[in-house]
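Chemist: Provide a 3D model corresponding to the input given below.
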Amino acid sequence: MGERTFEEWVNWFELKSGEKFNTPPGFSLEFRPDKGFVLWKRKGDTFVINQGTTDDWEFWAVWIISKGLELGCTKVRTLVRRNAAGYARLTGGKIVKKGFDQKGRKLVAIEWDKLPEVLTQSISDCKVMEKLRDIGAVR
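Modeler: Numbers count the residues shown, from 1 in each chain. All right, here's what the predicted structure looks like:
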């Protein structure tokens, strides 16, 4: 997609998700003009991902694992709206909480408890695996 301003990424996020962008208390924003953004925070030993948008989730998988390891996290948690059971099954995650957002839309929290194996199970791109090896996240 090329580089976009933060506002352009937010507009794309809102169009795709039907959600309004907001930064919940305690979350930090990581923004890259050419990759999009992710809202994240550390909660104990868990790296929590809130909203995010990109056309390159492989980049963010590497970033999330690297940042999580830097912060001493051993788990990753994110929210999923669609096909949560299938997503958890395919990526080795487990459903840890089910609920609804303020508009009554279903939200499911999925957690992986083996960071750096978290996202690598669903990523087959050799370049991504090489990047993960470079940062010491996988062998």
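Chemist: the chain: helices as residue ranges?
Modeler: In the chain, the helices defined using DSSP state H lie at 6-17, 57-70, 84-91, 117-120, 126-134.
Chemist: gap between Ser28 and Trp112?
Modeler: 20 Å (C-beta to C-beta, to the nearest Å). All C-beta spots, glycine's among them, are computed from the backbone N, C-alpha and C.
Chemist: neighbour-wise, which of those two wins?
Modeler: Trp112 (22 against 12; other C-beta atoms under 10 Å).
Chemist: any idea what the more buried one is bridged to?
Modeler: With DSSP bridges as the criterion, Trp112 is bridged to Val76.
Chemist: my guess is it contacts Gly68. True?
Modeler: No: with contact defined as C-beta atoms under 8 Å, Trp112 does not reach Gly68; the gap is 10.1 Å.
Chemist: relative to Lys16, how far out is the nearest residue to Pro33 once chain neighbours are set aside?
Modeler: Distances taken as C-beta to C-beta, 6 or more residues apart in numbering place Glu3 nearest to Pro33, at 4.2 Å, with adjacent residues excluded. Glu3 is 18 Å from Lys16, where distance means C-beta to C-beta.
Chemist: just the C-alphas of stretch 5-17, formatted as PDB.
Modeler: Output of stretch 5-17 as PDB, limited to C-alpha atoms (Å, rounded to 0.1, in the frame of the first residue of the first chain):
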ATOM      1  CA  THR A   5      -0.300   9.300   7.200                       C
ATOM      2  CA  PHE A   6      -1.600   8.200  10.500                       C
ATOM      3  CA  GLU A   7      -4.900   9.700   9.700                       C
ATOM      4  CA  GLU A   8      -5.100   7.700   6.400                       C
ATOM      5  CA  TRP A   9      -4.400   4.500   8.300                       C
ATOM      6  CA  VAL A  10      -7.100   5.300  10.900                       C
ATOM      7  CA  ASN A  11      -9.600   6.000   8.100                       C
ATOM      8  CA  TRP A  12      -8.700   2.700   6.500                       C
ATOM      9  CA  PHE A  13      -9.100   0.900   9.900                       C
ATOM     10  CA  GLU A  14     -12.500   2.500  10.500                       C
ATOM     11  CA  LEU A  15     -13.700   1.600   7.000                       C
ATOM     12  CA  LYS A  16     -12.600  -2.000   7.300                       C
ATOM     13  CA  SER A  17     -13.600  -2.700  10.800                       C
END
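Chemist: alright, that wraps it up for me.
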